[in-house]
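Trainee: when you get a sec, could you give me coordinates for this:
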Amino acid sequence: MTSVFNLIHEHQAIIYIVVLMIFVGIEVIGSVPSVLHTPLMSGANAIHGVVIIGAIIVMGKAEADNYLALALGFLAVVLGTLNVVGGFVVTDRMLEMFSKKKNPPKL
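Mentor: Next up is the predicted model:
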């Protein structure tokens, strides 16, 4: 139990930053009108390419016998890729809603 307290004490500034980021994120998202939630989230998902690059760097710097780092890096690459692709798919579908529809040919 003391090791947990020591870990919290060592990383106290980082914990404060994360908690403040959570409150700021809730406040920012709470002030966005509901009509804009989908475009905002699809754009945020597309930006997660940074996660993919970070995961690739972590996997490249990991030791060959550090299977935990390699597995977590691989999982981060896969999930980050799904997030980016999903963001682009949702954005593309939203943009299709605003394009002019072609008139069907009359028979």
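
Trainee: counting contacts, what elements does the helix or strand where residue 95 lies pack onto?
Mentor: Residue 95 belongs to helix 67-97 when assigned by DSSP states H and E. With contacts defined as 3 or more CB pairs under 8 Å, 6 or more residues apart in numbering; DSSP states H and E, helix 67-97 has these neighbours: helix 37-47, helix 49-61. Just so you know, the C-beta spots here come from the backbone N, C-alpha and C atoms, and that holds for glycine as well.

Trainee: which of the residues in the last one are buried?
Mentor: Okay, so that is helix 49-61. By neighbour count with 16 or more other CB atoms under 10 Å, helix 49-61 contains the buried residues 51, 52, 55, 58, 59.

Trainee: give the contact list for the closest residue to the second one other than its chain neighbours.
Mentor: Nearest non-adjacent residue to residue 52, counting by CB to CB, 6 or more residues apart in numbering: residue 80, 4.1 Å away. Residues touching residue 80, when contacts are defined by CB atoms under 8 Å, 6 or more residues apart in numbering, comprise 48, 49, 51, 52, 55.

Trainee: please render the residues you listed as TSV that adds distance to residue 16 and pLDDT to the earlier fields.
Mentor: Conversion of the contacts of residue 80 to TSV gives the following (distance: CB to CB, whole Å; pLDDT from 0 to 100):
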residue	distance to residue 16	pLDDT
48	24	76
49	28	80
51	23	81
52	28	87
55	26	85
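
Trainee: point out where the protein drops to low pLDDT.
Mentor: Counting by pLDDT under 70, the chain has low-confidence residues at 37, 42-43, 46, 103-105, 107.

Trainee: show me how the record splits it into domains.
Mentor: What automatic domain parsing lists as the domains of the chain is 1-31, 35-107.

Trainee: so how far is the last one from its chain's centroid?
Mentor: What it means is domain 35-107. The chain centroid and the centroid of domain 35-107 are separated by 8 Å under CA atoms, centre = their mean, to the nearest Å.

Trainee: what do you get for the shortest one?
Mentor: Relative to the chain's own centre, domain 1-31 is displaced by 18 Å; criterion: CA atoms, centre = their mean.

Trainee: what's the residue closest to the geometric middle of this structure?
Mentor: For the chain, the residue nearest the mean C-alpha position is residue 48 (4.5 Å; CA atoms, centre = their mean).
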